[in-house]
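> coordinates for the following, if possible.
(one chain, ligands or ions: 2)
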Amino acid sequence: MSPHPSVAAVNETIVGRTAERHELAEAYASSQAEFVTVYGRRRVGKTFLVVNSLQGRKGAYFETTGIKNGSLRVQLERFSQELGRGFFKGAPLQVSGNWMRALQLLTDAIATLPKSQKIVLFFDELPWLATPKSGILSALEYFWNRHWVNDRRIKLVVCGSSVDSKAGVPGFHCCARC
Ligand SMILES: Nc1ncnc2c1ncn2[C@@H]1O[C@H](COP(=O)(O)OP(=O)(O)OP(=O)(O)O)[C@@H](O)[C@H]1O
Ligand SMILES: [Mg+2]
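Ligands and ions are numbered 1, 2, ... in the order given. As a prediction, this is how the structure comes out:
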């Protein structure tokens, strides 16, 4: 799977974020499946952290990003494009009807990868994907619990911005093994 060409962050040097980088590196090095959440205020460097810490490593890297105010169809279309680009040499895939189907396609694609290869699955801007009727959260939960948690190659990273500053959400948070 090739590096994600749309993310330029890897060309810049990362400054600080030592603890968070360490957490991500540990999750990557771990011999079990890992589920990492990264959340914080807008523009604090969440995506930059994940891309700089995980992209370009030896294993496979799959990234999909939510689109602000995107309809389910548009979000799934983007996901399908990323899937095609990541696993099928850019071949367009048919737009999936729902997230259960979409994540099944991802799971099928993962099954074709070597048993020894680590696999990063990065869902950026998850809150934009997780609109009330999208079903993505329950689909992610299902695939994590039913399949991915038992696959030691998988490092699932979800990222989003916390908008409710009154809730006392810290500026930045990275939590491995959630
Ligand atoms: N640790 C860092 N070291 C150097 N530059 C950084 C760092 N973190 C962020 N940046 C710079 O800030 C820019 C914005 O970071 P980034 O897009 O990752 O923020 P974000 O939290 O994902 O934003 P958004 O909430 O819009 O998704 C990066 O493209 C990069 O240029
Ligand atoms: Mg971001």
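> so what strands line up beside the helix or strand containing Thr64?
Taking DSSP states H and E as the criterion, Thr64 maps to strand 60-65. Strand pairing for strand 60-65, using DSSP bridges, gives strand 119-124 (parallel).
> how about the strand it pairs with, does it reach ligand 1?
No: Strand 119-124 stays clear of ligand 1 (Cβ under 6 Å from any ligand atom), getting no nearer than 7.1 Å. C-beta coordinates here come from the backbone N, C-alpha and C atoms, glycine included.
> count the residues that sit near whatever residue of the chain ends up closest to ligand 1.
Per Cβ to the nearest ligand atom, the residue of the chain with the smallest distance to ligand 1 is Gly45, at 2.5 Å. Residues lying near Gly45 (other Cβ atoms under 10 Å) number 17.
> is it in contact with Val38, as I believe?
No: using Cβ atoms under 8 Å, Gly45 makes no contact with Val38, being 9.7 Å away.
> which ones are touching Leu54?
Contacts for Leu54 (Cβ atoms under 8 Å, 6 or more residues apart in numbering) come out as 24, 28, 61, 120, 122, 155, 157.
> please tell me how far the closest residue to the fifth one other than its chain neighbours sits from ligand 2.
Right, the one you point to is Phe122. Counting by Cβ to Cβ, 6 or more residues apart in numbering, Phe122 lies nearest to Glu63, which is 4.3 Å off, once chain neighbours are set aside. Using Cβ to the ion, to the nearest Å, we find Glu63 at a distance of 11 Å from ligand 2.
> likewise Thr131?
18 Å.
> the residue lying closest to Tyr142 once chain neighbours are set aside: how many residues sit nearby?
Leaving aside its sequence neighbours, Tyr142 sits nearest to Met100 (Cβ to Cβ, 6+ apart; 7.1 Å). Applying other Cβ under 10 Å, we find 14 residues neighbouring Met100.
> same check, this time on Thr18
Neighbour tally, Thr18, other Cβ under 10 Å: 9.
> for the chain, which segments count as strands?
For the chain, applying DSSP state E gives strands covering 34-40, 60-65, 119-124, 154-161, 172-175.
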